[in-house]
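Undergrad: Provided below are the primary sequence and the corresponding predicted coordinates.
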Amino acid sequence: MAKPLDKAALAIRLTLLVLAVTTIYALLTMDDQGINILKAILDTLSNFKTIFFQPYSQHFTVWQAFCEIVITLGLAFLTTLFGGVIALFLGLMAAQNLSPKCLTNVIKSFVAFIRAVPTILWVLIFAVAAGLGSTAVVIGLTFHSVAYLTKAYSESFEDLDRSVIEALMATGANWWQIVFQAVIPSTATYLLSWTFLRFEINFANAVAMGAAAGAAGIGFDLFMAGEYYFNLHEVGLITYFILAFAIVLEMLATNMKSKLLKKA
């Protein structure tokens with residue numbers, strides 16, 4: 001005999017049903033207003049064919065695209081580096097097994113607020129003061145990276161065995177000795193893993209910010225190809241460049257992590 005649905009499951013199913021009915025109604029309404037849904041689907045498939053099977057460039061060379069990718073990587077690297085250094089100290093102060101509870105609560109609440117605001121909004125906020133460009137992108141991405149990595153680092157520190165810290169305290173070790181002799185060496189693999197993950201996120205964000213905030217890099221070329229020239233062939237070529245570098249970054253991160261795990 002089937003169990004009766006609880007309130008949560010019933011609410012989810014009703015929500016999905018409402019969304020499905022609303023979507024069907026919207027599609028039917030658009031068709032009545034003269035929008036040919038079938039034609040729209042065929043045009044979309046045709047655009048995908050142009051983007052992914054007919055990529056070529058008219059406004060930049062392969063070398064120029066490579067240089068723009070390197071600029072985007074530079075933006076991601078700088079923001080990850082700055083964010084990682086700042087987050088390391090904030091993460092130590094936010095860890096409950098290393099700092100007073102009142103301090104950890106303040107820091108965790110502060111970084112939670114920063115994470116709640118999308119990255120692009122932070123970039124645009126800082127663009128008001130610094131102007132559109134790479135400066136606003138670096139500051140905005142760094143700001144969000146600090147909040148993200150502070151949470152990740154602090155949780156890694158909190159997972160450390162409490163007995164290790166207590167043993168060092170019993171021998172008379174001070175706070176800095178505990179941090180550099182036990183906490184960081186024991187969590188180095190996790191810290192690097194989280195840092196690589198954030199670097200990949202910052203690379204994707206740097207691509208988007210190249211268009212949104214007018215920063216240099218491959219993102220700006222993607223914006224120009226899609227919005228200004230409306231050249232889907234160039235969009236496809238740039239997309240393949242971004243995918244290739246993203247795959248390389250993922251392979252490097254995986255290889256580095258496996259080596260660190262073997263050493264550990």
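TA: That came in fine, so what should we check first?

Undergrad: show me what stretch 161-174 is in contact with.
TA: Contacts with stretch 161-174, where a contact means CB atoms under 8 Å, 6 or more residues apart in numbering, come from N97, L98, Q177, I178, Q181, A182, V183, S186. Where you see a C-beta, it was placed from the backbone N, CA and C, and this is true even at glycine.

Undergrad: and the average pLDDT for that stretch is what?
TA: Throughout stretch 161-174, pLDDT has a mean value of 79.

Undergrad: give me the low-pLDDT residue ranges for the chain?
TA: Counting by pLDDT under 70, the chain contains low-confidence ranges at 1-8, 26-36, 211-216, 228, 260-264.

Undergrad: which residue is nearest the centroid of it?
TA: I201 (2.8 Å; CA atoms, centre = their mean).

Undergrad: do you know how far V18 is from L10?
TA: Using CB to CB, to the nearest Å, V18 is found at 13 Å from L10.

Undergrad: typo on my end, I71
TA: 52 Å.

Undergrad: one more: D43?
TA: Distance from D43 to L10, by CB to CB: 40 Å.

Undergrad: follow-up on the earlier one: of I71 and L10, who's got more company?
TA: Neighbours of I71 and L10, each counted by other CB atoms under 10 Å, are more numerous for I71; the result is 18 against 11.

Undergrad: you'd agree the more buried one is up against G217?
TA: Yes: between I71 and G217 there is a contact under CB atoms under 8 Å: 4.5 Å.

Undergrad: tell me the buried residues in the strand or helix carrying S193?
TA: Under the criterion of DSSP states H and E, S193 resides in helix 184-212. For helix 184-212, the buried set under the neighbour-count rule, 16 or more other CB atoms under 10 Å, comprises 184, 186-187, 189-191, 193-212.

Undergrad: mind saving the C-alpha coords of the helix or strand that that helix is followed by as CSV?
TA: The helix or strand immediately downstream of helix 184-212 is helix 218-223, counting by DSSP H and E. What follows is helix 218-223, C-alpha atoms only, in CSV (Å, rounded to 0.1, in the frame of the first residue of the first chain):
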residue,chain,number,x,y,z
ILE,A,218,38.0,36.6,-24.7
GLY,A,219,34.6,37.6,-23.1
PHE,A,220,34.7,40.9,-24.8
ASP,A,221,35.4,39.3,-28.1
LEU,A,222,32.5,36.9,-27.5
PHE,A,223,30.2,39.9,-26.8
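
Undergrad: elements contacting the following helix or strand past helix 218-223?
TA: Downstream of helix 218-223, the next assigned helix or strand under DSSP H and E is helix 232-263. Judged by 3 or more CB pairs under 8 Å, 6 or more residues apart in numbering; DSSP states H and E, the packing partners of helix 232-263 are helix 37-53, helix 62-94, helix 184-212, helix 218-223.

Undergrad: I appreciate the help and will end here.
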